[in-house]
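> need coordinates for the below:
(chains A, B and C)
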Amino acid sequence: MEAAAGQWEEEMDLRRGPWTVEEDLVLVDYIATHGEGRWNSLARCAGLKRTGKSCRLRWLNYLRPDVRRGNITPEEQLLILELHSRWGNRWSRIAQCLPGRTDNEIKNYWRTRVQKHAKQLKCDVNSKQFKDAMRYLWMPRLAERIRAASDVKNAAAGTGGAGIWQPPPAAEESENAEFRLENSSLERSSSSELSAVTCWSSPPVSEVADCHSLAMGRSHGDNFPSEDMIGGCGFFSETLPSPFGCFNQGFPDLEQTSWGAGAGDNDDDFPSENLWTPDDAWFLQQMLQ
DNA sequence: AACGGAACCAACCGCACTTAT
DNA sequence: AATAAGTGCGGTTGGTTCCGT
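Below is the predicted model:
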């Protein structure tokens, strides 16, 4: 039977490339009736000239009813940055914490938006410099935006103060809680917008300093960050203790860095605002001194 | 209006791991 | 126990869209 499946794939003139509406309908109908799984036989039985892999990918990334489409919200951006700092390129794991988002979507977001900003800073996206810039500039700024937006919303609604988004719990705790959006203060409103508010702040020096000893001596190469590192630190584990300990390995030549986003930078991370401002340059200069 | 480059994203590929035979 | 098939994941590619010139 299994051998027959392989033979079938060889003999069939398998389609590749973008899916047609007809193919989507066939796949959705078939899964609605028979359920998902056993993708190779599913593809065959449904009469789709696609590999099982292709069907699975199409279903998971696009056709599944709970897939969220549309722009990544600031709250989601913040969560992605935070989780990536913990887990590295564990896209599927990160995606589990953002209901409705797929690993592919998050991966694409990272590769396009985040790496673009790294490029602006003329440093590698995995470099310590960039991670610190994210941590001490980008993330607080995102949090501030979220908070400001919420303040406006609350003022309009006449509701009370915003909740505070605490730094994610220690990994041991979060392994269970997984700080999913739906269970956190980032809960979605019925208008499908994230209603709650967050207040991000840099970790206290002492807290991160505790992590430092664990983080030291480890390279970012293999399986970064390691599980024990996560468990031991809990929060922002792999950085140096304080903002003033950052960038001490040298930041790209600030004079030559294009702090403003380039032409055509219209992404919604900072609408009508550049990510790296001259103020940031000053801030980083102070750190380097 | 046309062109070119950048950005975006759906889909594919290869590999590793798990499960079934 | 060995092998094949199924599944999941991260990396990469290529087509499309957007935007500035």
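> where are the low-confidence patches of the stretch 1-150 of chain A?
Residues of the stretch 1-150 of chain A meeting the criterion pLDDT under 70: A:1-12.
> how about the residues of it near DNA strand B?
Applying C-beta under 7 Å from any atom of the strand, one finds that the stretch 1-150 of chain A approaches DNA strand B through A:2, A:15-19, A:50, A:53-54, A:57-58, A:61-62, A:69, A:104-105, A:107-109, A:111-113, A:116. Bear in mind the C-beta positions are built from the backbone N, C-alpha and C, glycine included.
> could you flag which of those are buried?
Buried by 16 or more other C-beta atoms under 10 Å: A:19, A:50, A:54, A:57, A:58, A:105, A:109, A:113, A:116, out of those.
> nearest to DNA strand C, of those?
Top of the list for closeness to DNA strand C, among these and by C-beta to the nearest atom of the strand, is residue A:57 at 7.1 Å.
> continuing past whichever strand or helix holds that closest one, what's the next helix or strand?
Per DSSP states H and E: residue A:57 is located in helix A:52-58. Toward the C-terminal end, the helix or strand that comes next after helix A:52-58 (DSSP H and E) is helix A:74-87.
> in that following helix, what's buried?
Burial within helix A:74-87, assessed by neighbour count using 16+ other C-beta under 10 Å, is assigned to A:74-87.
> then stretch A:85-100?
Neighbour-count burial for stretch A:85-100, counted by 16+ other C-beta under 10 Å, picks out A:85, A:86, A:87, A:88, A:91, A:94, A:95, A:97, A:98, A:100.
> including distance to residue A:135, could these go into JSON lines?
Rendered in JSON lines, the data for the buried residues of stretch A:85-100 read as follows (distance: C-beta to C-beta, whole Å):
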{"residue": "A:85", "distance to residue A:135": "7"}
{"residue": "A:86", "distance to residue A:135": "12"}
{"residue": "A:87", "distance to residue A:135": "15"}
{"residue": "A:88", "distance to residue A:135": "15"}
{"residue": "A:91", "distance to residue A:135": "20"}
{"residue": "A:94", "distance to residue A:135": "17"}
{"residue": "A:95", "distance to residue A:135": "22"}
{"residue": "A:97", "distance to residue A:135": "18"}
{"residue": "A:98", "distance to residue A:135": "20"}
{"residue": "A:100", "distance to residue A:135": "26"}
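> near DNA strand C, which of those residues show up?
For DNA strand C, the contacts drawn from those by C-beta under 7 Å from any atom of the strand are residue A:91.
> no more questions from me, cheers.
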